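K.L.:
predicted model, plus sequence, below.
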Amino acid sequence: TGLHAAIAEHLNHVRVAGLTYTARPSAISAGIAALGSAYVAQDTYALDGLEKLVTKGYRTWLKGIEEEALLVGAEILGVELVDPYNPVPPGVRVPRTIDLVLGRAGQLEVWDWKSKMRLDEQYVGETTRAALHQWQLLDYAWHVQQWAQRGYFEGLTMVPGCTTQVTRAGWGLVILAPAAKFRLIPVALSPERLDQWRAQANTVWPAMASGISW
């Protein structure tokens with residue numbers, strides 16, 4: 001929660017002022033404030049220790065997106081974007097929230113930030129493979145594509161010839177230990193794959209909701 005808030009604050013600044021890789025005190029403050037609002041007193045993690053991890057994670061992410069040139073040549077179309085057409089249904093505690101939508105070379109991209117307290121190097125490959133078939137990513141990408149087809153991004157983007165297709169999605173993974181690092185895990189998408197996923201979801205999710213075991 002804290003890391004997402006810090007990243008969102010930084011990206012919203014970039015959206016207004018232009019690309020910068022300098023750590024922003026306001027982003028750190030936003031992250032620590034979000035952490036404090038969600039923190040529950042516990043023996044496992046002290047609040048001041050988690051505040052340091054939020055700061056470390058934010059700086060690691062910032063260095064990582066610079067090294068990966070994630071924002072170069074792209075326009076930020078959405079940060080922490082929720083459904084612009086439908087209100088969050090009652091009882092939904094965690095609504096679908098798209099961390100970042102980019103327009104690049106006439107295409108759309110969807111990015112989701114993930115963080116891990118610890119991930120040893122031998123398990124990074126397993127995590128990367130998991131992202132390739134991650135239903136949450138496909139869900140996000142399908143919905144962003146639907147919103148684009150309804151014209152949501154038309155007034156937001158100056159990218160020439162921007163289509164309504166999401167051709168790339170992925171995780172931006174922040175690893176805090178044993179060494180702080182950032183991994184960009186992209187997944188290539190097509191309308192056909194997203195349509196296939198949606199057809200599967202329309203079968204699987206209602207069945208799960210009705211209590212059928214898979």
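P.N.:
Ah, there it is.
K.L.:
pLDDT at residue 160, what is it?
P.N.:
Residue 160 is assigned a predicted lDDT (pLDDT) of 56.
K.L.:
what of the one 4 residues further on?
P.N.:
The per-residue pLDDT reported for residue 164 equals 84.
K.L.:
low-confidence ranges in this protein?
P.N.:
Where the chain drops to pLDDT under 70, the residues are 157-162, 212-214.
K.L.:
for this protein, which segments count as strands?
P.N.:
Counting by DSSP state E, the chain has strands at residues 74-81, 98-104, 107-116, 166-175, 181-188.
K.L.:
turn these into CSV, including distance to residue 135 and mean neighbour count.
P.N.:
(Each C-beta comes from the backbone N, C-alpha and C, glycine too.) As requested, those are exported to CSV (distance: least, C-beta to C-beta, whole Å; neighbours: other C-beta atoms under 10 Å):
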stretch, distance to residue 135, mean neighbour count
strand 74-81, 19, 19
strand 98-104, 15, 22
strand 107-116, 12, 21
strand 166-175, 12, 22
strand 181-188, 12, 17
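K.L.:
save those strands as CSV, and put in distance to residue 210 too.
P.N.:
Below are those laid out as CSV (distance: least, C-beta to C-beta, whole Å):
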stretch, distance to residue 210
strand 74-81, 30
strand 98-104, 28
strand 107-116, 28
strand 166-175, 29
strand 181-188, 30
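K.L.:
of those, which approaches residue 54 most closely?
P.N.:
The closest of the strands of the chain to residue 54 is strand 107-116. By C-beta to C-beta, the value is 9.4 Å.
K.L.:
sorry, back to before: the strands of the chain: which one's closest to residue 58?
P.N.:
strand 166-175 (8.4 Å).
K.L.:
okay, now the sheet partners of the closest one, with direction.
P.N.:
Partners of strand 166-175 in the sheet, by DSSP bridges, are strand 107-116 (parallel), strand 181-188 (antiparallel).
K.L.:
most centrally placed residue in this structure?
P.N.:
Ranked by distance to the mean C-alpha position of the chain (C-alpha atoms, centre = their mean), the top residue is residue 112 at 1.8 Å.
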